[in-house]
Every structure is written in structure tokens, then in C-alpha cells.
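Undergrad: I'll drop the sequence and a predicted model, then ask my questions.
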Amino acid sequence: MKISKGKIMLVEESNNLRFVLKDYFEMLDYEVLDYKESETALKAFNSNSIDMCLLDVLVLEKSGQFCLTEIRKLDPVVPIIAISPTGSKEERIQAFKLGCDDFITKPFSTEELALRIEAILNRSKRGSVETPSLYRERIFKFGDFVFNYSGMELSHPTGTRILTRKEAELLKLFCEHQNKLLPREVILKEIWGDEDYSVGRSMDVFLTKLRSYINIEKIPDEYLNPEGGRRNKYKAGFEPKVEICNIHGTGFILKVRDK
């Protein structure tokens, strides 16, 4: 399994350029989340741990710089490179005022962009000696929950719970992969660094705890499926907003439903 060099969020209006950049950076072992609209991208930023943002200025202009300014509110340190078709002086000044770290004009060399990204990420890593990422606020939102990873706080309208470090690491992994299957062996390797049977039992204990923290939504009896078993516990359309589902013999999914 290849080790990712970082997670890039790409917001680019041109489908062709977006696909080219996604393929190129994935070939360089980056993980790329690509979007055409800023609103969708911002939702993804809320639920993922992003290392670098590439933002198309045209998209920013259409949304009133919504994406860039909101990202800066959520994370004042994540590197942002603005991409522009013109590179006018006014555009550059405005982008830097809004908080971008670098600016590149189309057409550009993908190799040059890759070198810029690598240089910025390297500087960010060196800077983390003085400002450890542990102390940067990392916020994840899912359903009615807000999870502050740095503070190890899981908040809900009904109250706030302080998690243990292991619980926080496990929940962070789920939040970064919402609605995606996490195989058991991946969870064990990422959080415990071992796939031993005894470690697997420990993981099950922590999963049970997380489920009890998340499964606080009251589901009326009439919405339950008495014959559904584990796979169809709820009647269609009445599932809870958030739940950790066990995919038998495979892994787990943090299911987050829009309601």
C-alpha cells in the first residue's frame, strides 16, 4: 500500500483541467478530492483533514470568495494556492488579501505546480516544530455532531463529551472517511499499528464505546423493522442521521445521512 504524500482539495471549474490535475497528483502519490463548485468543496473541507487547497479564482469570484474566506475561518494555516486564467494585478492582490499562500496563472506547468506544493508543504512541516499540528483546531461536522479533534471534544445539542486519545483517533479516522467502508485491518494498522487478534478485541471495545456516544437519537418503535435483523434494523426512510455500521466480516462505515 502506497503512503499518501498529503490530501489535496482541488476546486476547478474546467472539467478537463480538473481531471488532468487529479490524475497527475494521484500519480505523484497525493490523495485528491476534486470539486467544480465551492459550496460542495466547503462541505468536504469540514469533514476531511486537508493538507493543501488549490482554488480556481473563477469559482471564487462566482461564489463571492465564499470558499477561500470560509476555509480561512475554519483553518488559518492550511496552505492555499489560487489558480487564475489572467493573473491580473488586482486579482493577485485580492487573492492574497483573502488569505492565499501562492498564486499561479494558466496555462502553467504541472511540474512547476507540483514543486510549489512540495515546497509549501515542506515549509509547513518545518513550521510544525514551533506550532505542533496537535494544537491546531481540527473540526469535523457530521449529522448534529461537532467533533473537535484537537480538544478531543464530541459535541451534540444534548451535551458535550471529552474523549480519550484513542477514541479521538478512531473517530477522526471515521470522520475522514464518512460513508466509506473502513476495513478492519486498515483501522487496526492506522490506530493500533498491529493486526493481532488481541488488538482486534481492544478495537471492538472502543467501537462499542463510540457507538454508544453516537447512537443517542431516539428512534420510535414504529420506525423499527422487527424482522430486519442487524442489516435492516430500521424501516426504509427512518434510519438515524448518524450510525456506525458493521459490515459483517469486512469492516465498518460511519453512515451520515442528510435529513
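TA: Looks like it arrived, so ask away.

Undergrad: got the residue ranges for the strands in the stretch 51-200 of the chain?
TA: Applying DSSP state E, counting those that start in this stretch to the stretch 51-200 of the chain gives strands spanning 52-56, 80-84, 102-105, 139-142, 145-148, 153-156, 159-162, 182-183.

Undergrad: Quick one: closest of these to V256.
TA: V256 lies closest, by CB to CB, to one member of those: strand 139-142, at 4.6 Å. Placement of C-beta: from N, CA and C, glycine included.

Undergrad: Kindly export that closest one (C-alpha atoms) in PDB.
TA: The C-alpha trace of strand 139-142 is given here as PDB (Å, rounded to 0.1, in the frame of the first residue of the first chain):
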ATOM      1  CA  ILE A 139     -13.200  20.400  13.400                       C
ATOM      2  CA  PHE A 140     -15.400  17.700  11.900                       C
ATOM      3  CA  LYS A 141     -19.100  18.000  11.500                       C
ATOM      4  CA  PHE A 142     -21.500  15.100  10.900                       C
END
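
Undergrad: Now do that strand: everything it contacts.
TA: Contacts to strand 139-142, defined as CB atoms under 8 Å, 6 or more residues apart in numbering, come from residues 46-47, 74, 146-149, 171-172, 175-176, 178, 242, 254, 256.

Undergrad: So which of those is the closest to M27?
TA: Out of the contacts of strand 139-142, the member with the shortest distance to M27 (by CB to CB) is E176, at 22.0 Å.

Undergrad: returning to what we had before: just the closest of the contacts of strand 139-142 to I162, please.
TA: Looking across the contacts of strand 139-142 and measuring by CB to CB, the closest to I162 is N148, at 10.0 Å.

Undergrad: and the closest residue in space to that closest one that isn't next to it in sequence, how many neighbours does it have?
TA: Nearest non-adjacent residue to N148, counting by CB to CB, 6 or more residues apart in numbering: I139, 5.8 Å away. When neighbours are counted by other CB atoms under 10 Å, I139 registers 18.

Undergrad: next one: T105
TA: By other CB under 10 Å, neighbour count at T105 equals 15.

Undergrad: Does it touch A82 like I think?
TA: No. Using CB atoms under 8 Å, T105 makes no contact with A82, being 9.6 Å away.

Undergrad: quick one on the thing from earlier: make JSON lines from the strands of the stretch 51-200 of the chain and add distance to E13 and mean pLDDT to it.
TA: Shown next, in JSON lines, are those (distance: least, CB to CB, whole Å; pLDDT from 0 to 100):
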{"stretch": "strand 52-56", "distance to E13": "5", "mean pLDDT": "91"}
{"stretch": "strand 80-84", "distance to E13": "10", "mean pLDDT": "89"}
{"stretch": "strand 102-105", "distance to E13": "15", "mean pLDDT": "88"}
{"stretch": "strand 139-142", "distance to E13": "26", "mean pLDDT": "87"}
{"stretch": "strand 145-148", "distance to E13": "31", "mean pLDDT": "90"}
{"stretch": "strand 153-156", "distance to E13": "35", "mean pLDDT": "89"}
{"stretch": "strand 159-162", "distance to E13": "40", "mean pLDDT": "89"}
{"stretch": "strand 182-183", "distance to E13": "32", "mean pLDDT": "90"}
